[in-house]
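In: need a 3D model of the following:
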Amino acid sequence: MHCLRTTVVRLWPLTAVKMAQSLSTRLAVEGGLRTFQPMRHLNAPLASEPFLNGTSSNYMEEMYYAWLENPKSVHKAFMGWLKVTWTRCSGFPPPPSLVGMKVLCHLERSYTALRFEEFLQRKWSSEKRFGLEGCESLIPALKTIIDKSSQSGVESVIMGMPHRGRLNVLANVIRKELEQIFCQFDSKLEATDEGSGDVKYHLGMYHRRMNQVSNKYITLSLVANPSHLEAVDPVVQGKTKAEQFYCGDTDGKRVMSILLHGDAAFAGQGIVYETFHLSDLPSYTTHGTIHVVVNNQIGFTTDPRMARSSPYPTDVARVVNAPIFHVNADDPEAVMYVCKVAAEWRNTFHKDVVVDLVCYRRNGHNEMDEPMFTQPLMYKRIKKQKGVLQKYAEKVIAEGVVTTQEYEEEVSRYDKICEKAYTRSKDEKILHIKHWLDSPWPGFFTLEGQPRSMSCPSTGISEQELSHIGNIAASVPVEDFTIHGGLSRILKGRANMVSQRVCDWALGEYMAFGSLLKEGIHVRLSGQDVERGTFSHRHHVLHDQNVDKRICIPMNYISPDQAPYTVCNSSLSEYGVLGFELGFAMASPNALVLWEAQFGDFHNTAQCIIDQFLSSGQAKWVRQNGIVLLLPHGMEGMGPEHSSARPERFLQMCNDDQDVFPKLSEDFAMRQLYNCNWIVVNCSTPANYFHVLRRQILLPFRKPLIVLTPKSLLRHPEAKSSFDDMLPGTHFKRLIPDDGPAATNPEKVKRVIFCTGKIYYELNRECKNRGMDQTIAIVRIEQLSPFPFDLVKAEADRYPDADLVWCQEEHKNHGYYGYVKPRICTTISHTRPVWYAGREPAAAPATGNKHTHLMELQCLLDTALN
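Out: Residues are numbered from 1 along each chain as shown. The predicted structure follows:
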């Protein structure tokens, strides 16, 4: 039956051709005007015609006769279909008029790349734009990939690319309004949005439009990125994975990614390798990415012989056996053919594929740069080189398939479009950065892009829910599942804590995750060894001791209608995986996405993601992100590495002013959170950790959360919280006051010690041992940034005659001192000095000698208490 239907479908165009031939005389005699109504013979029922049914075949027939009268009266997409169908079904080459049109299509895709660049050069000759001259065929390449993928069922394409050609891609592929691009060149426009904004060739875009080839809607997203080449690669992959996850696209048939690269960066940047190695991992695969390399054969001023050791810049892709197509970018037809093959490969096998566009860079690194300084012979040749559009136009005009007039009319039409957009751009008075948002969250904010409220509900949950989640954490909810004997003891310990209405750090985290999942919030925890936990405390994935690869995740058994929980050990990568999780968190505000470093200081190999995306992403691109970083931190005699998570680096990049005491109001704490660039906390109790994780989702906006997590406190007998601290009505505590004898008699207090994190327990123990707990108050600052000016002031005012001390276990030039001291001084209007108790300045974060470590600890405790 299928063969019969296919035969009928294929015979129809041939029948139409023969009918047209028989009618051609009549058409010619009557001046080329159709004076008849075509006869339709619909003998088969509609159900038996799967494609060309009674409706669509009539439509196509009408289109065909319209083309006979005037080839320019029908859409070019129909021309492409008709040309292919004509050749396949008749066995003869299509007539010149048909060939002259899928050619005009080639020309159009070429000249819109080129004419756009020429227009920008004419209007703003002294502006950097990082033009595409020399690789204009990138535009038809991308359009071909997108068209072919759309035909195969892809509904959303997420793209990442460097600065070269970005404006052209925004204009001619994403279809950003030209006037919005042109007004970016106007230095007089004011920016109304918050933040710094960014240069035009770093901005992103999100757009949903009709694809004219597939006649289907497609969503295109170009992710904003910094100048750090290839840094956006894992971010794109994470966003792609998230969109696939939320729409149930388990095979990557509906959502895909395209990554553009330069030849030098593709070969030289290690993040490319890291991203490739995520491509086939179960929790990270996006089921095939199409990589397009703009191979300029130069990197800024560096020749390939100095830039790589491999023969080709694309050789890094061989690590995953990706097919690599090298194609001459001066041959648009070859480029489009290769891109069709690449799209078909990805849509068929769902594996990565690489297209290497071998081209050149007509200008220097930017339009102001002089390339003749370093590549004189190369650029002498380039100056003589005809552009791809000129070459292709001369070819098809010489072959007679397109006339010079047709070509000039098409070019003139596009130039007029640019001129009209340029005129409209002059009417723009304000520069709106939010018009360039690459990841909108429909319905989360108001239409004006503001939070729907400036309040946060209680983050506590009911006693029944705490007990239920705790019991799940202490159980194996799968029958005939054998766990390790040591794990049985751990689960029994959890059950005992639940019965006693207390929780340790791991159980507090379980309560936070489980309650959010029950409320329909997806939770994704990723990083090295996170399933068990670096310190063997988490155990979110249980392994059957008798059956290989049989696992159980109790967190997914909390409620029948809960959201899914994803916990996944990552590859041994920080840069790539953190970038991936950042991209995952971009896709939706209604998920808690966490990345945990194996040890806190490992985040420094992902510093580019932290600096360029996390810290300043909202300021540059008006893009909020709620990702959580869990960074194990603490001086415990383990040496220079694995001790410090470098909190000073995060605090240095906080955007609050140390010299200004903020204006107090009823919603002071929320306003602080809304205005900050990220949140930095060091929780000292499981309950506060529980609350800060839940607050991250219940806030009416999103900010990155940096959590300095403990190591020894994971099993510290005093580091437990009562269920009472997690019930409805309770909140995250930005500051925990002293609740001992000193608080009951504040007039007797001679010293107030401010601290954060683990050092509190050592101070508290030493203070009690020395009998000084009535004269010394110990105050924990749990939220370091935004700094709790109001609560610190209240504590300082409570003890007006006491000395003020900041105590930390880190070295003086590390840790929190440089951030905290000036803010405390501002809080008290510099009326009292703030003394320091801690380790002396040092180059290394910690000593490697255990004895020295203990001596340093005792010394700082003596300083703080004496």
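In: pretty sure T314 is touching P304, no?
Out: No: under the criterion of C-beta atoms under 8 Å, T314 makes no contact with P304, lying 11.9 Å away. Placement of C-beta: from N, CA and C, glycine included.
In: out of these two, which sits in the busier spot?
Out: More crowded of T314 and P304, by other C-beta atoms under 10 Å: T314, with 23 against 18.
In: residues in contact with that one?
Out: F266, A267, H291, V293, N295, I324, H326, V354, D356 (C-beta atoms under 8 Å, 6 or more residues apart in numbering).
In: neighbouring contacts of stretch 175-191?
Out: 120, 123-124, 127, 167, 170-171, 197, 200, 203, 205, 207, 209, 220, 417-418, 421-422, 424-425, 428-433, 435-436.
In: recalculate using a threshold of 7 Å.
Out: Stretch 175-191 is contacted by residues 124, 127, 167, 170-171, 197, 200, 205, 207, 209, 418, 421-422, 424-425, 428-431, 433, 435 when judged by C-beta atoms under 7 Å, 6 or more residues apart in numbering.
In: so which of those sit within strands?
Out: Members of the contacts of stretch 175-191 lying in strands (criterion: DSSP state E): M205, H207, R209, I430, L431.
In: and the first one, bridged to which residues?
Out: Residues found in beta-bridge contact with M205 (criterion: DSSP bridges) are L222.
In: tell me who's in contact with F535.
Out: K711, L714.
In: that older thread, got TSV for the ones in strands among the contacts of stretch 175-191, with neighbour count, pLDDT and distance to Q244 too?
Out: Listed next are the ones in strands among the contacts of stretch 175-191 as TSV, based on neighbours: other C-beta atoms under 10 Å; pLDDT from 0 to 100; distance: C-beta to C-beta, whole Å:
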residue	neighbour count	pLDDT	distance to Q244
M205	25	89	21
H207	16	92	19
R209	11	93	21
I430	10	78	37
L431	18	76	34
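In: run the chain-centre distance for stretch 781-788.
Out: 27 Å (C-alpha atoms, centre = their mean, to the nearest Å).
In: can you give me the mean pLDDT across that stretch?
Out: The average pLDDT for stretch 781-788 rounds to 98.
In: and the nearest residue to E155 once chain neighbours are set aside, how far from G248?
Out: Counting by C-beta to C-beta, 6 or more residues apart in numbering, the nearest residue to E155 once its immediate chain neighbours are dropped is R254, at 4.8 Å. Separation of R254 from G248 (C-beta to C-beta, to the nearest Å): 9 Å.
In: between those two, which one's more packed in?
Out: Higher neighbour count among R254 and G248: R254, with 15 against 7, using other C-beta under 10 Å.
In: contacting residues around that one?
Out: G153, V154, E155, S156, C247.
In: please redo it, this time with the cut-off set to 10 Å
Out: G153, V154, E155, S156, E243, Q244, C247, G248 (C-beta atoms under 10 Å, 6 or more residues apart in numbering).
In: you'd agree the fifth one is up against H287?
Out: No: under the contact definition of C-beta atoms under 10 Å, E243 does not touch H287, with a separation of 11.9 Å.
In: wait, a helix at Y407?
Out: Yes: looking at Y407 with DSSP: H, G, I helix; E, B strand; the rest coil, it is inside a helix.
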